[in-house]
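Asks: What follows is a predicted structure for the sequence shown.
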Amino acid sequence: MRIDFSAKKRLYSGGHQFNLDIEFSSEEDITVIFGPSGAGKSLVLKMIAGLEKPDQGSVKIDSSVMFDSAQRIDMASRERNVGYLFQDYALFPHLTVEENINFSSRRALLTRPRKDEARLRELLEVFHLEELAKKYPAQLSGGQRQRVGLARSLMLRPSILLLDEPFAALDPLLRMRMREELKKTQRLFSIPVLIITHDPQDVAELAQRLILMDDGIVKDIVTLIGAPYRDLDGRPIRPKIRELLLRATGALDE
Amino acid sequence: MDLALSISLEQVLVPLFLSLKVAGTATIFSTVFGVSVALLAARKNFWGKEILDAVMTLPVVLPPTVLGYYLLVLLGRNGPIGGWLQETFSITLIFTWQGAVIAASVVAFPLVYKSSRAAFESVSGKFEDAARVLGQTEFMVFVRVTLPLAWRGILAGAMLSFARALGEFGATLMVAGSLPGKTQTLSIAVYEAVQSGDDYVANFLVIITSIVCVVVLLASNYFLRPKYVSE
């Protein structure tokens, strides 16, 4: 799998102007976009999912062109088939766990839903949700909600899984566990994952390719896969990550 | 003296059923129109949106007689709408129960409009985005996500507008008059009963009206309570 992304967008809000101008590509299983809040990370994710439109640019996953301003291609969100885990999961509060996961099976009011019962059972089992299938989101714990969100986004066998600050809402212990679960999920479904986060721990534990973003632009891109972790110049990578993260968070500016 | 004996059933039931018919029909009209305008106002940005909002809310603050006068001018035989209806379909609205429905619809409209707009605005955009990513068309997003999450607010607004339509007096009197059995609704019947010193009838009608309104308000409050605990 390969994702190629480039986008320019100018935004105005409350008299302020924000310029997004970024370009990156990745072929790794887990790509992490790291940057402080307000860097424009969520915007990138939404552009991949088709929920925001770049002024200029292109979004490609493998050979499928989802957006290209030059060719006037702009696929609707519903046609892109990307998995999206929203920051607080956005589980439909009026539907049960099972109905949430199955939501994508129904496409029109009058036609019969194309139910993939086997897939539903598989997801309920993998995410330990069998007992909770008839419960509503308000009755679940934070970790359980996240599993429902993941299961729902995987139902359609998407070509990529987009995660928006997936662990921010969880307590630290649960965060560690869910990171491990995410790695397992990634391997089990062999699906490429793109995570945006402002938590350095996510970078340290998950990133195979790291994209550092700040103020609407890409500051640095590093591939972290394969031991010994060395960058293109052959220097050990961990001190470099540390330095990059510190710089990204502004600690080295002085 | 036994209260029921001094009142003929017709004196109560006829205006009661007429009121229910007028208020029920008016609620359907004001809800369909109110929900449509509310959705437009909650989801789209366009020039003059706040002016539209102000105009749509006007019936709450305008004196019902002023509203009735406007309607009379518009719907009367010489008015632009009334004249056209008269010439094209030979339909007269003034002094008919259908005229009363229009008056009640206009007066009740802001209640369902305001409540629906608030309900739509309270549905977080993330749920709609989630549905889009899960392969849903805009129509399906509305039917499966927006409407189910907003319907309690819409229903509460529809009930309030029903209560308001039931109690409508001024505009209805201007447009439809007070023809017993034809356009004399409960609230107008109360006025007529008091004017003619018919205290028993007045008391009875007042009690009936109050009970219906209290029940509607209780139901409306029930639906306004948020059902889903926020995450």
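Replies: Cool, got the structure.
Asks: Just say helix, strand or coil for the nearest residue to residue A:208 once chain neighbours are set aside.
Replies: Leaving aside its sequence neighbours, residue A:208 sits nearest to residue A:28 (Cβ to Cβ, 6 or more residues apart in numbering or on different chains; 3.9 Å). Glycine gets a C-beta too; all of them are placed from N, C-alpha and C. Under DSSP: H, G, I helix; E, B strand; the rest coil, the three-state class of residue A:28 is coil.
Asks: contacting residues for residue A:28?
Replies: A:192, A:208, A:209, A:223, A:225 (Cβ atoms under 8 Å, 6 or more residues apart in numbering or on different chains).
Asks: Generate a PyMOL selection restricted to the buried entries among these.
Replies: Restricted to buried positions by 16 or more other Cβ atoms under 10 Å in any protein chain shown, the PyMOL selection for those reads:
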select buried, chain A and resi 192+208+209+223
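Asks: Out of the contacts of residue A:28, show me where the pLDDT dips lowest.
Replies: Among the contacts of residue A:28, residue A:225 carries the weakest pLDDT, at 68.
Asks: What are the phi and psi values at the residue nearest to residue A:208?
Replies: For residue A:28, the backbone dihedrals are phi -80, psi 160 (criterion: degrees, to the nearest 10).
Asks: now it: how far from residue A:192?
Replies: 8 Å (Cβ to Cβ, to the nearest Å).
Asks: Residue B:30 and residue A:36, how far apart?
Replies: 49 Å.
Asks: Look at the two and report which has more neighbours.
Replies: Using other Cβ atoms under 10 Å in any protein chain shown as the criterion, residue B:30 and residue A:36 rank with residue B:30 on top: 28 against 13.
Asks: Contact residues of the stretch 101-250 of chain A facing chain B?
Replies: Residues of the stretch 101-250 of chain A lying close to chain B by Cβ under 8 Å from any Cβ of the partner chain are A:103-104, A:106-109, A:136-138, A:145, A:152-153, A:155-156.
Asks: Buried residues, the longest helix seen in chain A. List them.
Replies: Of all segments of type helix in chain A, defined using DSSP state H, the longest is helix A:172-189. By 16+ other Cβ under 10 Å, the buried positions in helix A:172-189 come out as A:174, A:175, A:178, A:179, A:181, A:182, A:185, A:186, A:189.
Asks: And stretch A:121-141, by the same measure?
Replies: A:122, A:123, A:124, A:126, A:127, A:129, A:132, A:133, A:136, A:137, A:140.
Asks: closest to chain B among those residues?
Replies: residue A:137 (6.7 Å; Cβ to the nearest Cβ).
Asks: mind checking the SS state of the nearest residue to that closest one once chain neighbours are set aside?
Replies: Closest residue to residue A:137 apart from its sequence neighbours, by Cβ to Cβ, 6+ apart: residue A:91 at 4.0 Å. Following three-state DSSP, residue A:91 is assigned to coil.
Asks: any idea of the pLDDT on residue A:93?
Replies: 94.
Asks: now residue B:182
Replies: pLDDT at residue B:182 comes out at 88.
Asks: what's the burial count for the closest residue to residue A:109 other than its chain neighbours?
Replies: Spatially, and ignoring its direct neighbours in sequence, residue A:109 is nearest to residue B:143 (6.4 Å; Cβ to Cβ, 6+ apart). Other residues within reach of residue B:143, judged by other Cβ under 10 Å, total 15.
Asks: Low-confidence ranges, the stretch 101-250 of chain A, go.
Replies: Per-residue confidence for the stretch 101-250 of chain A (pLDDT under 70) gives these ranges: A:225-250.
Asks: Which residues of chain B lie near chain A?
Replies: Near chain A, when you scan chain B using Cβ under 8 Å from any Cβ, you find B:124, B:126-127, B:129-137, B:140, B:143-145, B:148-149, B:228-229, B:231.
Asks: Give me the subset of those lying in helices.
Replies: Using DSSP H, the residues of chain B next to chain A in helices are B:126, B:127, B:129, B:130, B:131, B:132, B:133, B:140, B:148, B:149.
Asks: And the residue lying closest to the fourth one once chain neighbours are set aside, what's its pLDDT?
Replies: Looking back up the chat, that one is residue B:130. Spatially, and ignoring its direct neighbours in sequence, residue B:130 is nearest to residue A:90 (4.2 Å; Cβ to Cβ, 6+ apart). The model reports residue A:90 with a pLDDT of 94.
Asks: So the residue of the stretch 151-254 of chain A found nearest chain B: helix, strand or coil?
Replies: In the stretch 151-254 of chain A, the residue found nearest to chain B is residue A:156; the distance is 6.5 Å by Cβ to the nearest Cβ. Following three-state DSSP, residue A:156 is assigned to coil.
Asks: Quote the end-to-end distance of stretch B:170-184.
Replies: 12 Å (Cα to Cα, to the nearest Å).
Asks: about what we covered before: the residue nearest to residue A:109 is in contact with residue A:107, isn't it?
Replies: No. Contact criterion Cβ atoms under 8 Å: residue B:143 and residue A:107 do not qualify, at 11.7 Å.
Asks: center of chain B, which residue is that?
Replies: For chain B, the residue nearest the mean C-alpha position is residue B:108 (3.2 Å; Cα atoms, centre = their mean).
Asks: Please tell me I have it right and that residue contacts residue B:168.
Replies: Yes. Using Cβ under 8 Å, residue B:108 is in contact with residue B:168, at 7.2 Å.
Asks: between those two, what contacts are shared?
Replies: B:23, B:26.
Asks: where exactly do the strands run in the stretch 151-254 of chain A?
Replies: Remark: strands assigned in the stretch 151-254 of chain A by DSSP state E, counting those that start in this stretch are A:161-164, A:193-197, A:209-214, A:217-223.
Asks: Mean confidence (pLDDT) on the top helix by length along chain B, please.
Replies: For chain B, the longest helix by residue count, based on DSSP H, is helix B:9-43. Across helix B:9-43, the average pLDDT comes to 91.
Asks: likewise stretch A:40-56?
Replies: 94.
Asks: Dump that stretch to PDB, keeping only the CA atoms.
Replies: The C-alpha trace of stretch A:40-56 is given here as PDB (Å, rounded to 0.1, in the frame of the first residue of the first chain):
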ATOM      1  CA  GLY A  40      -3.500  21.100  10.800                       C
ATOM      2  CA  LYS A  41      -3.300  17.300  11.400                       C
ATOM      3  CA  SER A  42      -7.100  16.800  11.600                       C
ATOM      4  CA  LEU A  43      -7.500  18.700   8.400                       C
ATOM      5  CA  VAL A  44      -5.100  16.300   6.600                       C
ATOM      6  CA  LEU A  45      -7.100  13.300   7.800                       C
ATOM      7  CA  LYS A  46     -10.400  14.900   6.800                       C
ATOM      8  CA  MET A  47      -9.000  15.600   3.300                       C
ATOM      9  CA  ILE A  48      -8.100  12.000   2.900                       C
ATOM     10  CA  ALA A  49     -11.600  11.000   3.900                       C
ATOM     11  CA  GLY A  50     -13.200  13.500   1.700                       C
ATOM     12  CA  LEU A  51     -14.700  15.500   4.500                       C
ATOM     13  CA  GLU A  52     -12.600  18.600   3.700                       C
ATOM     14  CA  LYS A  53     -11.600  19.800   0.200                       C
ATOM     15  CA  PRO A  54      -8.100  21.100  -0.500                       C
ATOM     16  CA  ASP A  55      -7.800  24.200  -2.700                       C
ATOM     17  CA  GLN A  56      -5.100  22.400  -4.600                       C
END
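Asks: Many thanks, we can stop here.
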